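**Student:** With the sequence up front, the predicted model follows.
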Amino acid sequence: MRQKIVAGNWKMNTTISEGIELANNIIAKLGEIPQDVHLVLCSPFTHLFPLSKIVGDIKCPGCRSKISIGAQNCANKDNGAYTGEVSAKMIATLHEAVGTIAGAPEDAEGVKVEYVIIGHSERRGYYGETNAILLEKTKLALSSGLKVIYCVGEELSQREAGKHFDIVGEEIKSVLYELTPEQMKNIVVAYEPIWAIGTGKTATSDQAQEIHAFIRKTIEEKFGALAQDITILYGGSCKPSNAKELFSQPDIDGGLIGGAALKGEDFIAIAQSY
């Protein structure tokens, strides 16, 4: 059975103290979401260290398995003179230092950053990240032990021109077709209609299902039956009012949530929509 995932992409929002408060508010409600739904908090880089400790300290029985943390990006290089970049290896090993915090108990442990978002439309659009760059990032993330939330999606002009299948298909083939079946087991695909991000517009449930089914079929053409095990998330202005209808579609396995992820009550409400 495919994993149901509700991932929150906080983008460049919240100070560290605000992010800690948001995470604590979400963690306090973990007992209220279905057992088979998994949450991922994708915070700014600056927040990952405290979140590693906070999630590691969860005491609620059965709650710890419901939540992971993720980064929003990683470099396409492993190391070197790349000022301002953060490598996948840095992200994947961050939890190892939690026990070094002054005053921390000897057995203090952080949880590993488990996921990284790669290929978000804002990275493609604002920073010119190509499919070739995203393939480099994806391979480095996987080799560092991270799971990848790989984003695909079309702009409004491309959809209106009837090119959305071509665009999404190429984004899948240029990156995911270069992976092995074993690597694909650590891939989550997120479909984000770029025209619906931050605009308040949302693809209809039929539109979303149509493209999700296409994504699964495209993966199936390369990887066969493994496609049925790949989680595909919807990432275009999903909120408590439309999540239930979207999540009821056969090929939509959850959401990559933007604005609504910044309000703990909305994020939990979306996770309760299954």
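**Tutor:** Sure thing, it's come through. What you see is a predicted model; the values in this text were computed from it and never measured.

**Student:** Only C-alpha atoms from now on, for both contacts and neighbour counts.
**Tutor:** OK.

**Student:** those helices in the stretch 1-150 of the chain, which residues are they?
**Tutor:** Secondary structure of the stretch 1-150 of the chain (DSSP state H, counting those that start in this stretch): helices at 16-27, 48-56, 88-93, 121-127, 131-143.

**Student:** which ones are touching the nearest residue to residue 3 once chain neighbours are set aside?
**Tutor:** Nearest non-adjacent residue to residue 3, counting by Cα to Cα, 6 or more residues apart in numbering: residue 231, 6.1 Å away. Going by Cα atoms under 8 Å, 6 or more residues apart in numbering, residue 231 touches 2, 3, 4, 5, 187, 188, 189, 252, 253, 254.

**Student:** top of those by neighbour count?
**Tutor:** Among those, residue 254 has the most neighbours (other Cα atoms under 10 Å), with 31 neighbours.

**Student:** What does that one show for phi and psi?
**Tutor:** phi 150, psi -160 (degrees, to the nearest 10).

**Student:** if I read this right, it contacts residue 236, doesn't it?
**Tutor:** No. Assessed by Cα atoms under 8 Å, residue 254 is found out of contact with residue 236, at 11.5 Å.

**Student:** ok now do residue 174, which residues does it touch?
**Tutor:** 131, 132, 135.

**Student:** now these as TSV including pLDDT, distance to residue 19 and neighbour count?
**Tutor:** As requested, the contacts of residue 174 are arranged in TSV below (pLDDT from 0 to 100; distance: Cα to Cα, whole Å; neighbours: other Cα atoms under 10 Å):
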residue	pLDDT	distance to residue 19	neighbour count
131	97	31	18
132	98	32	13
135	98	30	20
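
**Student:** Among those, find me the one that's closest to residue 63.
**Tutor:** Closest approach to residue 63 among those (Cα to Cα): residue 135, at 33.7 Å.

**Student:** which residue packs closest to the closest one, ignoring adjacent ones?
**Tutor:** Counting by Cα to Cα, 6+ apart, residue 175 is the residue found nearest to residue 135 once chain neighbours are left out, at 5.0 Å.

**Student:** same deal with residue 194?
**Tutor:** Nearest non-adjacent residue to residue 194, counting by Cα to Cα, 6+ apart: residue 155, 5.0 Å away.

**Student:** model confidence over stretch 192-206, on average?
**Tutor:** Per-residue pLDDT over stretch 192-206 has a mean of 80.

**Student:** An error on my part: the question was meant for stretch 118-126.
**Tutor:** Averaging pLDDT along stretch 118-126 gives 96.

**Student:** so how far is it off the chain centroid?
**Tutor:** Put simply, stretch 118-126 sits 13 Å off its chain's centre (Cα atoms, centre = their mean, to the nearest Å).

**Student:** Dump the C-alpha coordinates for that stretch into CSV.
**Tutor:** Taking Å, rounded to 0.1, in the frame of the first residue of the first chain, the C-alpha atoms of stretch 118-126 are listed here in CSV:
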residue,chain,number,x,y,z
ILE,A,118,14.1,18.9,-5.2
GLY,A,119,12.8,20.6,-8.3
HIS,A,120,10.3,22.9,-6.7
SER,A,121,8.9,25.3,-9.3
GLU,A,122,10.3,28.3,-7.4
ARG,A,123,13.8,26.7,-7.7
ARG,A,124,13.3,26.0,-11.4
GLY,A,125,11.8,29.5,-12.1
TYR,A,126,13.7,31.9,-9.8
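
**Student:** Would you mind telling me which of the helices of the stretch 1-150 of the chain is nearest residue 206?
**Tutor:** Distance to residue 206, taken as Cα to Cα, is lowest for helix 121-127 among the helices of the stretch 1-150 of the chain, at 21.9 Å.

**Student:** contacts for that closest one?
**Tutor:** Where contact means Cα under 8 Å, 6+ apart, the residues beyond helix 121-127 that reach it are 129, 130, 151, 152, 153, 192, 194.

**Student:** Filter those residues down to the buried ones.
**Tutor:** Among the contacts of helix 121-127, those classed as buried by 16 or more other Cα atoms under 10 Å are 129, 151, 152, 153, 192, 194.

**Student:** now, which of those residues sits nearest residue 118?
**Tutor:** Nearest member of the buried ones among the contacts of helix 121-127 to residue 118, counting by Cα to Cα, is residue 151, at 6.3 Å.
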